[in-house]
Every structure is written in structure tokens, then in C-alpha cells.
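1. The amino acid sequence is not available; the structure is as follows:
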Ligand SMILES: Nc1ncnc2c1ncn2[C@@H]1O[C@H](COP(=O)(O)OP(=O)(O)O)[C@@H](O)[C@H]1O
Ligand SMILES: NC(=O)c1ccc[n+]([C@@H]2O[C@H](COP(=O)(O)O)[C@@H](O)[C@H]2O)c1
């Protein structure tokens, strides 16, 4: 059995979930673990002096729980898939090598969590400019919804801070320009991953 862990990180609304889903659809026996399903309950998220909930920091997330899910996959991907309602498929008619299991870890702060940096084999980071990010963010409704001024008062400054911290500690990132089309982004990353899967297969 061969295992490959891919990270799809990046800015809020950069297209992470969209890209992760397309990869999952094309890679047989892959699975997505998404960071935004590990937010703590709203009552546990800190609030600053302006009343802004501090959602864009690692403390707002149950990272131990997310790591434990990843470790369960690492121990036994076949049982993991079965217990998550996903039947193992044959790779015969696909471009995925036989007996290859791929985990896609997706989220806006995955590279700010050190344990992930040690286990993610291929680290992609999507970024888009401020104005596009703000426009996409404003057309999306979170639970709880962003209060007025939240993007400029919390989301963007925290993005800059988290990104700097990440760039100071992580060296093997592949930056992706998120203003490309969904199809362009998918083919760049998919081709790269296919090469990595072939490399792993060739090393046997
Ligand atoms: N390459 C793209 N070009 C234009 N819009 C995109 C692209 N990728 C995603 N989107 C749109 O941007 C918004 C955020 O995408 P999503 O994948 O949910 O981002 P993220 O998971 O990074 O927050 C959605 O409305 C989505 O349809
Ligand atoms: N419980 C939630 O899912 C929740 C609540 C409030 C804000 N958010 C926002 O989610 C963002 C991260 O997710 P995306 O990368 O999908 O946008 C953060 O910028 C955070 O402000 C999520």
C-alpha cells in the first residue's frame, strides 16, 4: 500500500474546497478532511475589544481532534474509508495507481499547525488579491454571519499575520494563483499529483 497526503491551504475564499473536491472526484480512494468542520462552538471562540469573534486563529479550531482523524487515516486508510461510508474502489480504469490511498487536508490554517507540516507530502497554497477575496467573502454567508467591518477588522489582518508566520516556518509550499479558472487550477495540481503518485510507485 502507498499513502500520499496532499495539503490544499490558502486564503479564505481562495477556492480551496472547490479544488479539493475536484481532486477527490478524480483520485480513486481519496478522502478530504476539511479544517472548517473543526471550528469550536461559537460560545468557546474568543472576542476582542471591538466585539469581533476571533475565528481566524488556530485557537478557534479543535486541531487535536483534526489531527486524530488524520492519524486514524494514516494507521489504516482502508478501514478509515469503510468507516466513513466510502467503499474502496479498483483503480483499473483510472489514472490513480493501484493500491494508492490519498488524503487531502484542506483548510485556511493547515500550515500554521506544525504537526501537519511534518506529514503533508505536497503543500499547495491558494492566494487571491484583497479585492477579489473581499468580494467573494461578502457574497458568502458563514454561521455565524460576518458582522459589519469584520473583513477589514479581523479576516484580512489575520490573513497577513498567519501568512507571514507560515512563510517564516514552512519552506516547501507550492503557491497557486487563485484567479485562474477552476479548470486551470485543477489541471496544474492534478498533473503534479499524478507525477508524485508515479514517483512513489516507481520507488517500490
Ligand atoms: N477558480 C475560481 N474562479 C472563480 N471563482 C471561484 C474559483 N474557485 C472557487 N470559486 C468561487 O469562490 C467562492 C469560494 O470558493 P471555495 O472553494 O468555497 O473557497 P474556500 O474553500 O477557499 O473558502 C465560491 O463561490 C466558489 O464558487
Ligand atoms: N463555524 C464556521 O465554519 C465559521 C464561523 C465563522 C467564521 N468562519 C470563517 O471561516 C473562514 C475559513 O474558512 P474558508 O477558508 O472556507 O473561508 C475563516 O475566515 C472564518 O472567519 C467560519
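-> Received it, and whenever you're ready, just let me know what you need. Computed from a predicted model, the values in this text were never measured in an experiment. Numbers count the residues shown, from 1 in each chain. Ligands and ions are numbered 1, 2, ... in the order given.

2. Report the central residue of this protein.
-> The residue lying closest to the centre of the chain (C-alpha atoms, centre = their mean) is residue 106, at 1.4 Å.

3. Can you verify it is assigned to a strand?
-> Yes - applying DSSP: H, G, I helix; E, B strand; the rest coil, one finds residue 106 inside a strand.

4. For it, list each beta-bridge partner.
-> Counting by DSSP bridges, residue 106 forms beta bridges with residue 8, residue 34.

5. and it, how far is that from ligand 1?
-> Using C-beta to the nearest ligand atom, to the nearest Å, one gets 7 Å for the distance from residue 106 to ligand 1. All C-beta spots, glycine's among them, are computed from the backbone N, C-alpha and C.

6. who touches that residue in this structure?
-> Residues in contact with residue 106 (C-beta atoms under 8 Å, 6 or more residues apart in numbering) are 7-9, 16-17, 20, 32-35.

7. repeat that with 6 Å
-> Shown in contact with residue 106 (C-beta atoms under 6 Å, 6 or more residues apart in numbering): 8, 16, 20, 32, 34.

8. Keep only these that also lie close to ligand 1.
-> Here is what survives when these are matched to ligand 1 using C-beta under 6 Å from any ligand atom: residue 16.

9. In TSV, list the contacts of residue 106 along with pLDDT and neighbour count.
-> Converted to TSV, the contacts of residue 106 look like this (pLDDT from 0 to 100; neighbours: other C-beta atoms under 10 Å):
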residue	pLDDT	neighbour count
8	98	30
16	98	27
20	98	23
32	98	17
34	98	17
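
10. Which of the contacts of residue 106 sits closest to residue 123?
-> residue 8 (9.0 Å; C-beta to C-beta).

11. Can you tell me which residues in this protein are near ligand 1?
-> 12-18, 136, 181-182, 185.

12. And the furthest pair within these?
-> Checking the residues of the chain next to ligand 1 with C-beta to C-beta, the most distant pair is 12 and 181, at 19.5 Å.

13. More neighbours: which of the two?
-> Comparing residue 12 with residue 181 by other C-beta atoms under 10 Å, the one with more neighbours is residue 12, at 22 against 9.

14. list the contacts for that one?
-> Neighbours of residue 12 in contact, by C-beta under 6 Å, 6+ apart: residue 108.

15. switch to 7 Å and redo it
-> 108, 133, 137, 155, 159 (C-beta atoms under 7 Å, 6 or more residues apart in numbering).

16. Same check on residue 166?
-> 111-112.

17. Please see if the helix or strand encompassing it touches ligand 2.
-> Secondary structure assignment for residue 166, by DSSP states H and E: helix 156-169. No - using C-beta under 6 Å from any ligand atom, we find that helix 156-169 stays clear of ligand 2, coming within 7.7 Å at best.

18. Can you report how many residues lie near residue 169?
-> Per other C-beta under 10 Å, the neighbour tally for residue 169 reads 11.

19. so where's this protein shaky on pLDDT?
-> Within the chain, the ranges that satisfy pLDDT under 70 run 203-204.

20. Relative to the centre of it, pull out the residue lying furthest away.
-> What lies farthest from the middle of the chain is residue 49; by C-alpha atoms, centre = their mean that is 30.2 Å.
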